[in-house]
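[1] no sequence on hand, only this structure:
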């Protein structure tokens with residue numbers, strides 16, 4: 001073995017170990033997400049449910065960070081785990097604690113719809129491409145088009161900013177409108193206070 005091959009072998013071993021570590025972290029975070037999601041069904045206290053949903057958003061932000069999407073992770077942490085938790089706790093402070101609504105019967109039709117959607121998702125999951133697969137449909141022509149034409153059409157070097165601000169400008173604008181409308185609705189509910 002030549003001396004210049006050793007760094008390549010070490011680099012490959014480190015990549016394999018890191019991929020194993022990433023896989024283990026993904027499995028652990030996914031199990032936490034599954035536990036939190038299933039616990040939302042069993043807890044009756046709304047404050048505990050809000051805290052659990054905040055933990056869910058925080059774990060999703062960690063998963064986005066592992067998937068090399070730091071911009072989505074920051075947005076999820078700020079909106080999902082931060083602002084949403086504060087707004088939901090503020091809305092809960094306006095509720096009366098003694099009001100408990102009990103359901104006497106199970107609604108069968110919505111349950112059948114949910115079960116059929118779950119089964120169809122389980123059926124579709126094996127057909128999805130692997131994460132990061134360069135041969136997947138999404139990476140086939142759209143990604144290369146964005147990478148090749150961003151500097152020509154937009155004139156800025158950051159591809160992510162160009163895609164969000166220009167190529168997907170309407171989508172980003174509509175997301176901003178949705179967030180603004182939700183914030184406006186919650187602020188109107190908080191201003192009305194006891195009259196709500």
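    Right, received. Where do you want to start? All figures in this text were calculated on a predicted structure; none of them were measured in a lab.
[2] give me the number of residues near residue 51?
    16 (other Cβ atoms under 10 Å). C-beta coordinates here come from the backbone N, C-alpha and C atoms, glycine included.
[3] give me the low-pLDDT residue ranges for the protein?
    1-19, 96-104, 132, 138-139, 192-196 (pLDDT under 70).
[4] quick one: what helix or strand has the spatially most central residue of it in it?
    Residue closest to the average C-alpha location in the chain (Cα atoms, centre = their mean): residue 60, at 5.2 Å. Secondary structure assignment for residue 60, by DSSP states H and E: helix 46-66.
[5] can you give me the buried ones in that helix?
    Judged by neighbour count using 16 or more other Cβ atoms under 10 Å, the buried positions of helix 46-66 are 49-64.
[6] just stretch 147-155 next, same as before
    Applying 16+ other Cβ under 10 Å to stretch 147-155 flags 150, 154 as buried.
[7] outside of that stretch, which residues touch it?
    The contact list for stretch 147-155, computed with Cβ atoms under 8 Å, 6 or more residues apart in numbering, reads 156-157, 159, 162-163, 165-166.
[8] one more time with 7 Å, if that's ok
    Contact with stretch 147-155 is made by 157, 159, 162, 166, as judged by Cβ atoms under 7 Å, 6 or more residues apart in numbering.
[9] now the buried members of those residues.
    Here, 16+ other Cβ under 10 Å leaves residue 162 buried among the contacts of stretch 147-155.
[10] if I look at residue 181, how far off is residue 175?
    Taking Cβ to Cβ, to the nearest Å as the measure, residue 181 falls 11 Å from residue 175.
[11] when these two are compared, which one has more neighbours?
    residue 175 (13 against 10).
[12] now do the host helix or strand of the more buried one: distance to the chain's middle.
    Assessed by DSSP H and E, residue 175 sits inside helix 169-192. For helix 169-192, the separation from the chain centroid amounts to 19 Å (computed by Cα atoms, centre = their mean, to the nearest Å).
[13] buried ones in that helix?
    residue 186.
[14] can you name every helix or strand that it contacts?
    helix 84-93 (3 or more Cβ pairs under 7 Å, 6 or more residues apart in numbering; DSSP states H and E).
[15] report the angle between the helix it packs on and helix 46-66.
    Interaxial angle, helix 84-93 versus helix 46-66 (axes from the mean of the first three to the mean of the last three Cα atoms, to 10 degrees): 170 degrees.
[16] that'll do, ta.
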